[in-house]
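1. Need a 3D model of the following:
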Amino acid sequence: MTENPFTDSEFFKSGGSGDKGCVEAAITRRVPDRVGLRDSKNPQGAVLILRPGEWAAFIRHAGRGL
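-> Below is the predicted model of the structure:
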């Protein structure tokens, strides 16, 4: 298994999410062309790593509530 490049990264979530569970995102210098996503309710869990086009599609669809 490969090491998670986002292990020591600072993750951020939308300010509008309040105290509810949410997806958190991070970008790290180790892999600057990738975005890491994780579940804020399970920060020690898996990190989904997205390429720029995948991140753009995620944002596009999340903005529409899909």
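2. Tell me the bridge partners for the closest residue to residue 23 other than its chain neighbours.
-> Among residues not flanking residue 23 along the chain, residue 37 sits closest, at 5.4 Å (CB to CB, 6 or more residues apart in numbering). Any C-beta I mention is one placed from the backbone N, CA and C, and that applies to glycine too. Beta-bridge pairing for residue 37 (DSSP bridges): residue 25, residue 48.
3. For the closest residue to residue 10 other than its chain neighbours, grab the count of nearby residues.
-> Of all residues not flanking residue 10 in the chain, residue 26 sits nearest, at 6.3 Å (CB to CB, 6+ apart). Residues contacting residue 26 under the criterion other CB atoms under 10 Å number 17.
4. again with residue 6
-> 22.
5. Which residues are in contact with it?
-> By CB atoms under 8 Å, 6 or more residues apart in numbering, the contact list for residue 6 reads 26, 28, 36, 38, 47, 49.
6. Farthest-apart pair in those, please.
-> 28 and 38 (12.6 Å; CB to CB).
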